[in-house]
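Peer 1: Pasting a predicted model and its sequence here:
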Amino acid sequence: MIAPTLHTERLTLRAPCAADFTPFAEFYASDRAKFVGGPLTSEGAWRMLAMEIGHWTLKGFGRWIAEEKSTGAPVGLIGLFEPFGWPEPEIGWDLFAGFEGKGYATEAALSARSYAYDVLGWTTAISLVKTANTGSARVATRMGAWHDSDYTHERHGFMHVYRHPAPDALVNGGIEAYT
């Protein structure tokens, strides 16, 4: 499965590739990765990148590298995720250093959710958010999601489950109508 390329107002969402290793490794080596299984060594980051690329083949969907259209700079890894052990299909976002606070996570995640609903036919989606990750909780809330339940993963631990509105709740005035 080759990931389709999506476009938003300011971003291009494209398939992750080997050329993304440097920003990927920098993210996973930093404290920014503490909510998503890091910090990791370069070897661990390489394995994570390989998993992200392979997720597209195994599941038929995955996460994209989001790039600024104006500069081509990779801003993060954003999209659809459901590895083994996940409770449901998820919309997730990891922003690289220096790209937070610009609305990129919300912009890209809304595009990913539209793809999940309109192309893949999903009828629901969640976002898993660690308790202390207030930035990700704000993104989920901006997207119209709400704290639905809690989940404990064998490796990642305790997380809040944010439930996204169903596709029919987004029609005629849903949040997508304003983005």
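Peer 2: Arrived safely.
Peer 1: Off-centre distance for the lengthiest helix in the chain?
Peer 2: In the chain, with assignment by DSSP state H, the single longest helix is helix 42-59. On the basis of Cα atoms, centre = their mean, to the nearest Å, helix 42-59 is displaced by 14 Å from the centre of the chain it belongs to.
Peer 1: could you pull out the helices for this structure?
Peer 2: In the chain, the helices defined using DSSP H lie at 21-29, 42-59, 104-118, 134-142.
Peer 1: quick one: buried residues of the last one?
Peer 2: Read that as helix 134-142. Of the residues in helix 134-142, 135-137, 139-140 count as buried by neighbour count, 16 or more other Cβ atoms under 10 Å. Where C-beta positions appear, they are placed from N, C-alpha and C, glycine not excepted.
Peer 1: can you list those residues in a markdown table and add pLDDT and distance to E107?
Peer 2: Output for these, formatted as a markdown table (pLDDT from 0 to 100; distance: Cβ to Cβ, whole Å):
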| residue | pLDDT | distance to E107 |
| --- | --- | --- |
| G135 | 96 | 15 |
| S136 | 97 | 15 |
| A137 | 98 | 17 |
| V139 | 98 | 10 |
| A140 | 98 | 14 |
